[in-house]
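K.L.:
I would like the atomic coordinates for the input below:
(one chain, ligands or ions: 1)
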Amino acid sequence: MKPPSNPSKRIFVALDTTDLDRALALGRDLAGLVGGVKVGKEFFTALGPDGVRAVADLGLPVFLDLKFHDIPATVAGAVRAALPLRPFMLNVHATGGAAMLRAAADAAKDVTDGPRILAVTVLTSLGDEDLAAVGVPGTSHEQVLRLARLAKAQGLDGVVCSAREVEALRKDLGPDFTLVVPGIRPIWAAADDQKRIVTPADAVALGADYLVIGRPITGADNPADAAKRIADELTD
Ligand code: C5P
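P.N.:
Here you go, the predicted structure:
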């Protein structure tokens, strides 16, 4: 699937909060300036499906970042349970295996215009030694490529990946596989706790379709201005 032609629509803002009023205020501020919002386990555990609906009601596409990982039937059930929320993107762990990935992809086909199902390959918090400790030989880079290929073969629409892998994945998996990249920092923003950061424009140049950006926007004095500035950088 093609990335949006309007560069601002590539930006998904991470609403990492348990405070619905804050999430809605940010959503209202940013509607029209970004492509959508990402809500994850922190938001969802506190605010649940009602919280997701409240954000979606602002007219913002939602990336439901719940990273499902379970037996195939349970993951299929969770994907089906998420469909009424009409998420734009939804993700599962690629390490759940081929049958689980296929079950997730098939479950999303129960509706027309269903969500893009993405795979998480290797969490960026894990290094090569962490992988060795859980029995995965080789480098994290090799594991990311292996799992991304598996995800594609099982009918998933794309992966969430770090900027470090985006170029290799784009080359390997072709133009239609959706690549969603977090760890984005404009030059003028603080790195926070992100280590391997790239600028929005560089991430797109390397092959990213969507950028997940949190604190550079949500922590700015004026989030709408920060979002506009990033969109302008993508246009230049
Ligand atoms: O505030 P910041 O821009 O660092 O937020 C990035 C978002 O992307 C957070 O929600 C974070 O959990 C998520 N993320 C990440 N790195 C990954 C996967 C997800 O930063 N590898």
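K.L.:
Bridge partners for the residue nearest to residue 160 when sequence neighbours are not counted, pull those for me.
P.N.:
Closest residue to residue 160 apart from its sequence neighbours, by C-beta to C-beta, 6 or more residues apart in numbering: residue 180 at 4.8 Å. To be clear about C-beta, it is placed using only N, CA and C from the backbone, and glycine gets the same treatment. Beta bridges link residue 180 to residue 160, residue 210 when assigned by DSSP bridges.
K.L.:
what are the ranges of the strands in this protein?
P.N.:
Under the criterion DSSP state E, the chain contains strands at 11-14, 36-40, 62-68, 89-93, 116-120, 158-160, 178-181, 210-213.
K.L.:
Now do the longest one: which elements does it pack against?
P.N.:
So that's strand 62-68. Contact here means 3 or more C-beta pairs under 8 Å, 6 or more residues apart in numbering; DSSP states H and E; on that basis strand 62-68 packs against strand 36-40, helix 41-56, helix 72-82, strand 89-93.
K.L.:
Dump those to TSV, plus mean pLDDT, distance to residue 197 and mean neighbour count.
P.N.:
Below are the helices and strands packed on strand 62-68 laid out as TSV (pLDDT from 0 to 100; distance: least, C-beta to C-beta, whole Å; neighbours: other C-beta atoms under 10 Å):
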stretch	mean pLDDT	distance to residue 197	mean neighbour count
strand 36-40	98	17	24
helix 41-56	98	21	16
helix 72-82	98	30	17
strand 89-93	98	21	24
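K.L.:
Quick one: closest of these to residue 65.
P.N.:
Closest of the helices and strands packed on strand 62-68 to residue 65 is strand 36-40, at 4.0 Å (criterion: C-beta to C-beta).
K.L.:
gap between that closest one and the chain center?
P.N.:
8 Å (C-alpha atoms, centre = their mean, to the nearest Å).
K.L.:
Repeat that for stretch 63-76.
P.N.:
For stretch 63-76, the distance to the chain centre is 14 Å (C-alpha atoms, centre = their mean).
K.L.:
burial of residue 26, as a residue count?
P.N.:
For residue 26, the count of nearby residues is 23 (other C-beta atoms under 10 Å).
K.L.:
and the gap between it and the ligand?
P.N.:
Between residue 26 and the ligand the computed distance is 12 Å (C-beta to the nearest ligand atom, to the nearest Å).
K.L.:
Point me to the residue of the protein nearest the ligand.
P.N.:
residue 214 (2.4 Å; C-beta to the nearest ligand atom).
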